[in-house]
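1. Sequence and computational prediction follow.
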Amino acid sequence: MGSILNNLDLWRDALVGTLVLFAGGGVLALALGFVVGAMRVSPIPVARAVGTFYVNTIRNTPLTLVFFGFVFALPILAGQRMDNMLLGIMALGVYTATYVAEVLRSGINTVPVGQAEAARALGLTFGQVMSQIVLPQAFRSVIPPLMSVIIALLKNTTVASGFAVLNLGSIRANLSERGENALEVIIWVMVFFVVMVLLLGWLQQAFERRWRVAR
């Protein structure tokens with residue numbers, strides 16, 4: 001416990017950095033993923049093409065390169081300096097949104113087509129059909145794979161450590177400068193991530209129990 005007790009300020013800031021990256025990236029990924037997922041099943045060819053291009057391009061690009069694009073290219077294009085934490089959140093969100101979109105698309109495909117057709121026959125628009133008929137049913141079936149994507153997002157926050165963003169992935173280098181044992185620090189980082197993943201797993205089970213009863 002010495003490496004933690006003697007460096008509580010650094011551990012606190014690193015944990016907060018990880019949680020900020022995770023929460024911000026998660027919110028952006030879910031919002032953007034839902035939009036792209038809807039575009040992937042849209043009856044409008046242009047929307048489907050844009051959604052497909054976005055998913056295939058970003059998902060097949062290594063996350064490190066996505067970070068490079070946001071951290072180095074975006075500030076140049078914007079013509080101003082930008083906070084690396086914000087850029088890290090954007091990179092994680094844009095990248096993870098592709099996986100959210102594909103998980104959601106698979107869930108949408110589990111909903112019988114007849115339900116959407118009946119809703120359209122009643123005069124509902126595509127947006128109303130998706131938000132009121134299809135997505136509520138699809139979301140229940142995609143909770144396990146969606147939670148796997150969220151867990152992957154949590155672990156991917158460590159990539160931001162290579163771009164001057166303080167988080168649990170960068171704390172080993174910082175504590176090494178203070179003379180702390182690197183192996184001990186790595187073990188504690190692993191413990192932190194295991195605890196957070198277990199909490200997410202418990203949250204997944206709670207959601208599944210709740211909506212299983214609701215059926």
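-> Happy to help now that I have it.

2. can you count the residues close to Gly93?
-> 23 (other C-beta atoms under 10 Å). Glycine gets a C-beta too; all of them are placed from N, C-alpha and C.

3. what does Gln204 give?
-> 17.

4. What helix or strand is the nearest residue to it once chain neighbours are set aside located in?
-> Spatially, and ignoring its direct neighbours in sequence, Gln204 is nearest to Met147 (4.2 Å; C-beta to C-beta, 6 or more residues apart in numbering). According to DSSP states H and E, Met147 maps onto helix 143-156.

5. from memory the residue nearest to Gln204 sits against Leu199, does it?
-> No. Between Met147 and Leu199 there is no contact under C-beta atoms under 8 Å: 11.3 Å.

6. of those two, who's got more company?
-> Set Met147 next to Leu199 and count neighbours by other C-beta under 10 Å: Met147 wins out with 18 against 11.

7. Please report how far that one lies from Val36.
-> Met147 sits 19 Å away from Val36, going by C-beta to C-beta, to the nearest Å.

8. Repeat that for Val197.
-> 26 Å.

9. Looking at the two, which has the bigger crowd around it?
-> A count of neighbours by other C-beta under 10 Å puts Val36 above the other of Val197 and Val36, at 23 against 14.

10. Give the full set of residues in contact with the residue nearest to that one when sequence neighbours are not counted.
-> Excluding its sequence neighbours, the residue lying closest to Val36 (C-beta to C-beta, 6+ apart) is Ala101, at 3.9 Å. When contacts are counted by C-beta atoms under 8 Å, 6 or more residues apart in numbering, Ala101 touches Leu32, Gly33, Phe34, Val36, Gly37, Arg40, Gly51, Val55.
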